[in-house]
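Trainee: Give the three-dimensional model of this entry:
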Amino acid sequence: MKNTAHFRKLIEDKEILKMPCTHDALSARIAEDAGFKSICVGGYGVSASLLGSPDVGLMTVTEMVEHVARICDCVSIPVFADADTGHGNTTNVARTVKSFEKAGAAGLFIEDQVFPKRCGHMEGKDVITKKEMLAKIKAALDARNDPDFVIMGRTDALAVHGIDDAVERGVMMQEAGADMIFVEAPRTIEDMRRINNNINGPTFAVYLEGGKIPMLSAKQFEDLGFNVVGYGCSSVYAASFALRETFREIIETGETRDAIKKMITFNDFNELLGLSKIRKKERYWED
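Mentor: Reported below is the predicted structural model:
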């Protein structure tokens with residue numbers, strides 16, 4: 001089964017899809033090794049990993065597409081990509097969709113923030129008009145070559161105009177043909193129920209440590225009606241914490257006797273990266 005069709009099936013399954021947002025090829029490989037059925041590549045982690053900068057709209061479409069392509073090359077599971085605002089108007093959105101599809105992604109999402117966008121849990125956001133966002137959704141749907149390529153519409157209107165406007169935008173995008181809807185940063189269980197009671201199609205929630213949305217279990221998100229829960233920053237936060245602790249130990253002691261207890265060491269790391277498989281192929285080709 002092609003990855004686009006596989007991803008669509010995972011979304012439609014009765015059990016909620018747990019999907020980590022990986023920030024680079026290594027974290028993507030680790031996620032697949034851990035047993036995840038699909039992964040997301042979010043702009044927040046990629047901006048931090050690739051640029052060392054916060055998620056404030058600095059990533060270009062070329063940088064993100066190339067990053068996603070490298071991740072798709074190293075994993076076999078579906079990859080869901082963050083396309084921010086579509087990187088421009090409807091013409092840009094169409095090019096963005098074609099670029100991510102060629103890179104090997106199984107789908108993408110675009111949002112209704114005014115450019116330059118910022119992380120959905122940051123203050124000071126603004127959104128484009130409903131008419132502009134509807135045009136972007138239509139452009140995205142028309143641009144895909146594979147009908148199974150998943151297009152998700154995201155709205156950040158809740159923080160700007162309130163839950164009524166956010167739900168209205170979600171319904172509008174779903175009725176226009178978007179395959180999944182993401183209403184960003186609901187702050188209450190009541191808002192989450194309202195989202196799923198009104199949107200007649202798959203919905204996405206994000207789990208964010210320290211964010212505005214309540215930190216629920218995957219089963220709780222499922223019971224509220226969500227089809228997918230994305231762990232938006234767990235990957236980059238965990239990696240950053242481990243590196244900070246390790247580097248502090250090296251500065252203070254000049255060694256890693258304590259930190260090594262939480263490390264993958266030489267042989268295990270090589271195996272994680274598939275070194276033994278590469279060596280086996282080399283021997284086969286040389287014989």
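
Trainee: distance of K138 from M173?
Mentor: Distance, K138 to M173, using CB to CB, to the nearest Å: 10 Å. For every residue, glycine as well, the C-beta is placed using N, CA and C.

Trainee: Which one's more surrounded, those two?
Mentor: Neighbours were counted for K138 and for M173 using other CB atoms under 10 Å; M173 has more, 30 against 17.

Trainee: Quickly list the domain ranges of this protein.
Mentor: Listed by automatic domain parsing, the domain ranges of the chain are 3-239, 257-287.

Trainee: want to throw these into TSV with distance to E249 and mean pLDDT?
Mentor: Formatted as TSV, these follow (distance: least, CB to CB, whole Å; pLDDT from 0 to 100):
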stretch	distance to E249	mean pLDDT
domain 3-239	16	95
domain 257-287	5	92
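
Trainee: Most tightly packed of these?
Mentor: Comparing the domains of the chain by mean neighbour count (mean count of other CB atoms under 10 Å), domain 3-239 comes out on top with a mean of 20.

Trainee: roughly how far out does that one sit from the chain middle?
Mentor: Offset of domain 3-239 from its chain centre (CA atoms, centre = their mean, to the nearest Å): 5 Å.

Trainee: Quick one: end-to-end length of that domain, please.
Mentor: The first and final residues of domain 3-239 sit 27 Å from each other (CA to CA, to the nearest Å).

Trainee: ditto for stretch 46-57
Mentor: Its first and final residues considered, stretch 46-57 spans 11 Å by CA to CA.

Trainee: Let's check: the centremost residue of the chain is which one?
Mentor: Nearest to the geometric centre of the chain sits C40, at 3.3 Å (CA atoms, centre = their mean).

Trainee: Check the secondary structure at that residue for me.
Mentor: strand (DSSP: H, G, I helix; E, B strand; the rest coil).

Trainee: what's the spacing between it and R144?
Mentor: The gap separating C40 from R144 is 18 Å, by CB to CB.

Trainee: Shouldn't F7 be within a strand?
Mentor: No - looking at F7 with three-state DSSP, it is helix, so not inside a strand.

Trainee: surely it meets M152?
Mentor: No - between F7 and M152 there is no contact, the gap being 10.9 Å when judged by CB atoms under 8 Å.

Trainee: Now the common contact residues for those two.
Mentor: Common neighbours of F7 and M152, using CB atoms under 8 Å, 6 or more residues apart in numbering, are F80, G107.

Trainee: so what does the longest helix anywhere in the chain touch, helix or strand wise?
Mentor: Determined from DSSP state H, the single longest helix within the chain is helix 234-253. Counting contacts by 3 or more CB pairs under 8 Å, 6 or more residues apart in numbering; DSSP states H and E, helix 234-253 packs against helix 25-34, helix 43-46.

Trainee: Kindly export the helix or strand just after that helix (C-alpha atoms) in PDB.
Mentor: Once the chain leaves helix 234-253, the next helix or strand it forms, by DSSP states H and E, is helix 266-272. Listed next in PDB are the C-alpha coordinates belonging to helix 266-272 (Å, rounded to 0.1, in the frame of the first residue of the first chain):
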ATOM      1  CA  PHE A 266      28.500   3.100  20.000                       C
ATOM      2  CA  ASN A 267      27.400  -0.300  18.900                       C
ATOM      3  CA  ASP A 268      23.700   0.200  19.600                       C
ATOM      4  CA  PHE A 269      23.700   3.500  17.800                       C
ATOM      5  CA  ASN A 270      25.300   2.000  14.700                       C
ATOM      6  CA  GLU A 271      22.700  -0.700  14.800                       C
ATOM      7  CA  LEU A 272      19.900   1.900  15.100                       C
END
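
Trainee: Now do helix 266-272: everything it contacts.
Mentor: R29, I30, D33, I264, S276.

Trainee: what do you get if the cut-off is 7 Å, keeping everything else the same?
Mentor: Contact partners of helix 266-272, identified using CB atoms under 7 Å, 6 or more residues apart in numbering, comprise R29, I30, D33, I264.

Trainee: Ok, stretch 31-51 next?
Mentor: Counting by CB under 7 Å, 6+ apart, 7, 10, 17-24, 28, 53-55, 58-59, 63-64, 67-68, 71, 75-82, 84, 119, 230, 232-233, 235-236, 272 sit against stretch 31-51.
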